[in-house]
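Chemist: Sequence isn't available, so here's the structure alone:
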DNA sequence: TATGAATGAGATTTCATTCAT
DNA sequence: AATGAATGAAATCTCATTCAT
């Protein structure tokens, strides 16, 4: 009874309608309780199905967990991809383009679903190395690919300084965005979250990043202070 | 040493020797398995005691968890504090001083214990808001206090640009250090970790940060006034 | 019969069939071992269900205990009530009627279930004051009501002596019946049980009671003052 | 260090000073919690000794229980015996003598210790048939012996009616006293206890008993209504 | 003698998983 | 396909008992 015409059918002997309800519910419960702490009963209840029904779609709790992480990431990434390509006709400078990407990227990061998955990844990934691989492959390398390429272009064009490699730079940008996204989302819990205009935050961070990437003053050797630490 | 004549002597004594073994073992197991996934039996075994012994010192699993987080943080922070005050004789510029602090801070962050606790904090803190408070209060505000104050001094002296507030800046620095520390520690798992000289990484990040904090060079090299704040 | 379309359908349903099996088994095991001594495993086994099944119907051991006492008493009392009302067409004298009641009452007291519950009530009721209340309310006051009323009628009519109040008299009758019922049931254990015709015992006791209730001095009308209150 | 000159040394390799503290504490805790529910820790605490100390005097919990029952009964009975023999020089009629005995007996029954033991006997004696024997032998037969003999004398002398055997009569008297003693002691719990002058209660019961034992009025057949129930 | 920390068997309780309906 | 009662393995927690001090 599952219509095979449905858009996101694909992927594994995966289900379709009911399954999505279950996955959504599972994500929420896994997020609240962790993998071991989540009770199938609660997931079922939240999904509005009976416990047994879950087993029609997922062989066991662990595989459900895997599927939750995979599917949530895939779905979110798809959205991210569409957003990014939709606005990809680009601006003049690399900095301008980066602005666009960071905006989308940020929107992705502060998503409830991404946060939940991220938390699970931090907390429970030890025992699921294949999920770690999946995450690295699908998320990091994807985003890193896009953004890293742009940075590389900036370096090549001289818009960015050349004494830092693109992937390090991208990691720096990523670290700032990721952490701040998390802090923003957990503001209530941590009560030490970034203040000020939340909408502006990603751009503030980007600006900081761009400063750090500016080529050294062409004229004098102002950067020589830096090298002093080597002595 | 303890007068056995008082029949109704304090039932539960402050943890002292045995408790520490248990806490250490528990940290390891909680880290591997998460809170719900950790089995008391495993903790006991790793601590080299019997299951029941744990209950002589901790009323239940949850309280053990709390104590693990609290005590580990307290111990680590103490070490951090000693390291920092030990080298507090200050450098010439704020940048110099920051170098020192970042070195210690980084050493703290890549500690196995901190990483474990951090993971637990990310993954399991929902249900332990009081631990979140504890973490914010004890760790974040402590480190932020120290480093934030230094940055504030740099801003005041003109060594750093004035159009960013100290606490935002500190959060930026913190986000870079924290994320990179984690990535470094999980290199094996994520296979996307920072490459290059691990020893150098915190300084590379600091340098990037300092660039971002440099005052906009309006005319000439105004930053040479740095030494003025020393007076 | 139960609409499965309502997802959040009542979680715990009223005990019905299975619960009764469990209660019966529990009564037996509680009786043998006492509350603390009874093992859920044994109860489950005797009920022919798995350990976990018990928890589908009772939240924990203590509540099971409570329910066992409550339900057993209610069931038995219902039977007692039916027996009594069934034979309520009344006799000539109060003594005649009392005979009938005592017969039923005795049949109730020597019931295995009553004996078990009574033992539990004596032995374990400290910690369950609400059960003590329940017992007093449901059993004692019910029986006392019936029998006490009859005795009161006897006193009023002058058939019984007037210098004793009905409720004291009823307690005397009750004490005799209860103790002898218990001794009879525990004959094997105590080896000091009443001898003679068991069937006759309650009537022997009643006769003794009636003697004790006989108005004084048949000669003069000393008791006639009593009957005055009947007019 | 146990003085063998102590009066109540005797009986089993039984202890002496410390042991008595333990037994007293144990009786209280067993009474509150039942055999299985009582924790050695609580007994130790209440006795003001360490857990281990108990094992210096009693091989295990069950034997402690046995000893508690035995010793408490023996002690109480000894007191009862002294009281009874002390006032045994007797009155004129059997009824008079019985009055004296009932007074002592009642004092024994309402004793906290007797009540506790009685409760244990009712509740936990299944698994300790030897204790049941002990109880029957030491308590019932002892009291029954004394009182039964008196009743027999009364019957023989014609003071009591002859159509009831002494031991049945004694059981009737006993049942009234025992139950009422219990109800009196549990007044707070059962809220259906006998009212009126507590001091007077045993005598009220005895009077009732004596009435029931009165020979049938020699003159007219006033009691003939009674015999009608035999038809 | 006396202690009480330590033990570990055993009890209660939970919950992933199955399966008859 | 869907259900949810039933299962029983496995986890948490308790406590009688031991033993080094």
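Modeler: Good, I have the coordinates. As the structure is a prediction and not an experimental result, all values here were calculated from the model.
Chemist: ok, the spatially closest residue to residue A:144 that is not a sequence neighbour - how many residues close by?
Modeler: Nearest residue to residue A:144, sequence neighbours excluded (C-beta to C-beta, 6 or more residues apart in numbering or on different chains): residue A:170, at 5.5 Å. For glycine as for every other residue, the C-beta is placed from the backbone atoms N, C-alpha and C. By the criterion of other C-beta atoms under 10 Å in any protein chain shown, residue A:170 has 22 neighbours.
Chemist: What strand or helix carries residue A:170?
Modeler: Here residue A:170 sits within helix A:166-185, counting by DSSP states H and E.
Chemist: Now do that helix against helix B:166-185, angle only.
Modeler: 120 degrees (axes from the mean of the first three to the mean of the last three C-alpha atoms, to 10 degrees).
Chemist: For residue A:67, see how far away the closest residue to residue A:61 other than its chain neighbours is.
Modeler: Leaving aside its chain neighbours, residue A:61 sits nearest to residue A:40 (6.3 Å; criterion: C-beta to C-beta, 6+ apart). For residue A:40, the distance to residue A:67 equals 14 Å [C-beta to C-beta, to the nearest Å].
Chemist: Looking at these two, which one has more neighbours?
Modeler: It is residue A:67, of residue A:40 and residue A:67, that has more neighbours when counted by other C-beta under 10 Å, with 21 against 17.
Chemist: May I have the phi/psi pair for that one?
Modeler: Phi and psi for residue A:67, reported as degrees, to the nearest 10, are phi -70, psi -40.
Chemist: surely it meets residue A:23?
Modeler: Yes: with contact defined as C-beta atoms under 8 Å, residue A:67 reaches residue A:23; the gap is 6.5 Å.
Chemist: Which neighbouring residues are in contact with the residue positioned nearest the centre of chain A, exactly?
Modeler: Computing the C-alpha centroid of chain A and ranking residues by C-alpha atoms, centre = their mean puts residue A:109 first, at 4.9 Å. Going by C-beta atoms under 8 Å, 6 or more residues apart in numbering or on different chains, residue A:109 touches A:115, A:177, A:178, A:181, A:182.
Chemist: Which two among these are spaced furthest apart?
Modeler: Farthest pair in the contacts of residue A:109 (C-beta to C-beta) is A:115 and A:177. Separation: 12.9 Å.
Chemist: if I read this right, residue A:116 contacts residue A:34, doesn't it?
Modeler: No: Residue A:116 lies out of contact with residue A:34 (C-beta under 8 Å); the separation is 11.2 Å.
Chemist: out of the two, which sits in the more crowded spot?
Modeler: Neighbour totals were compared for residue A:116 and residue A:34, and residue A:34 leads with 22 against 19 (other C-beta under 10 Å).
Chemist: Next up, identify which helix or strand that one is on.
Modeler: helix A:18-37.
Chemist: what packs against the following helix or strand past that helix?
Modeler: Of the helices and strands lying after helix A:18-37 in sequence (DSSP H and E), the nearest is helix A:40-47. Under the contact criterion of 3 or more C-beta pairs under 8 Å, 6 or more residues apart in numbering or on different chains; DSSP states H and E, helix A:40-47 touches helix A:18-37, helix A:51-57.
Chemist: ok, back up a step: just the buried residues of the helix holding residue A:34, please?
Modeler: Neighbour counts over helix A:18-37 (16 or more other C-beta atoms under 10 Å in any protein chain shown) mark A:18-31, A:33-37 as buried.
Chemist: again with stretch A:121-134
Modeler: Quick answer for stretch A:121-134 (16+ other C-beta under 10 Å): A:121, A:122, A:123, A:124, A:125, A:128, A:131, A:132, A:134.
Chemist: Quickly check: it near DNA strand F or not.
Modeler: No: Stretch A:121-134 does not reach DNA strand F (C-beta under 7 Å from any atom of the strand); its nearest approach is 13.4 Å.
Chemist: so how far is residue A:113 from whichever residue of chain A sits closest to chain C?
Modeler: Nearest to chain C in chain A, going by C-beta to the nearest C-beta, is residue A:48, at a distance of 4.3 Å. Using C-beta to C-beta, residue A:48 is found at 19 Å from residue A:113.
Chemist: can you check residue A:157 too?
Modeler: Using C-beta to C-beta, one obtains 36 Å as the distance from residue A:157 to residue A:113.
Chemist: Look at the two and report which has more neighbours.
Modeler: It is residue A:113, of residue A:157 and residue A:113, that has more neighbours when counted by other C-beta under 10 Å, with 18 against 10.
Chemist: my guess is that one meets residue A:76, correct?
Modeler: Yes: if you go by C-beta under 8 Å, residue A:113 and residue A:76 touch, sitting 5.8 Å apart.
Chemist: Kindly state the domain boundaries assigned to chain A.
Modeler: A:1-58, A:65-216 (automatic domain parsing).
Chemist: End to end on the last one, go ahead and measure it.
Modeler: Spelled out, it's domain A:65-216. 48 Å (C-alpha to C-alpha, to the nearest Å).
Chemist: anything in that domain near DNA strand E?
Modeler: No: under the criterion of C-beta under 7 Å from any atom of the strand, DNA strand E is not reached by domain A:65-216; the shortest gap measures 9.8 Å.
Chemist: ok now that domain, how far from the chain's centre?
Modeler: Remark: domain A:65-216 is offset 6 Å from the chain centroid, using C-alpha atoms, centre = their mean, to the nearest Å.
Chemist: Report the mean per-residue pLDDT for stretch A:28-46.
Modeler: Stretch A:28-46 carries an average pLDDT of 93.
Chemist: For chain A, which element, helix or strand, carries the lowest mean pLDDT?
Modeler: Every helix and strand of chain A was ranked by mean pLDDT, DSSP states H and E. The lowest is helix A:224-227, at a mean of 43.
Chemist: Flag every buried residue along the host helix or strand of residue A:99.
Modeler: Using DSSP H and E, residue A:99 sits within helix A:94-109. By 16+ other C-beta under 10 Å, the buried positions in helix A:94-109 come out as A:94-95, A:97-106, A:108-109.
Chemist: Which one of the residues you listed is nearest to residue C:188?
Modeler: residue A:109 (77.4 Å).
Chemist: Now chain A against DNA strand F: closest residue?
Modeler: Residue nearest to DNA strand F within chain A: residue A:52 (1.9 Å; C-beta to the nearest atom of the strand).
Chemist: Can you give me the distance of that residue to residue A:62?
Modeler: Distance check for residue A:52 against residue A:62: by C-beta to C-beta, it reads 18 Å.
Chemist: ok, these two, which is more surrounded?
Modeler: Applying other C-beta under 10 Å to residue A:52 and residue A:62 shows that residue A:62 carries more neighbours, namely 12 against 9.
Chemist: What values do phi and psi take at the more buried one?
Modeler: Dihedral pair for residue A:62: phi -60, psi -40, per degrees, to the nearest 10.
Chemist: Below-threshold pLDDT in chain A: ranges please.
Modeler: Within chain A, the stretches with pLDDT under 70 are A:1-16, A:86-91, A:190-193, A:218-231.
Chemist: Point me to the residue of it nearest chain B.
Modeler: residue A:123 (2.3 Å).
Chemist: right, and that residue touches residue B:124 too?
Modeler: Yes: counting by C-beta under 8 Å, residue B:124 is a contact partner of residue A:123 at 6.7 Å.
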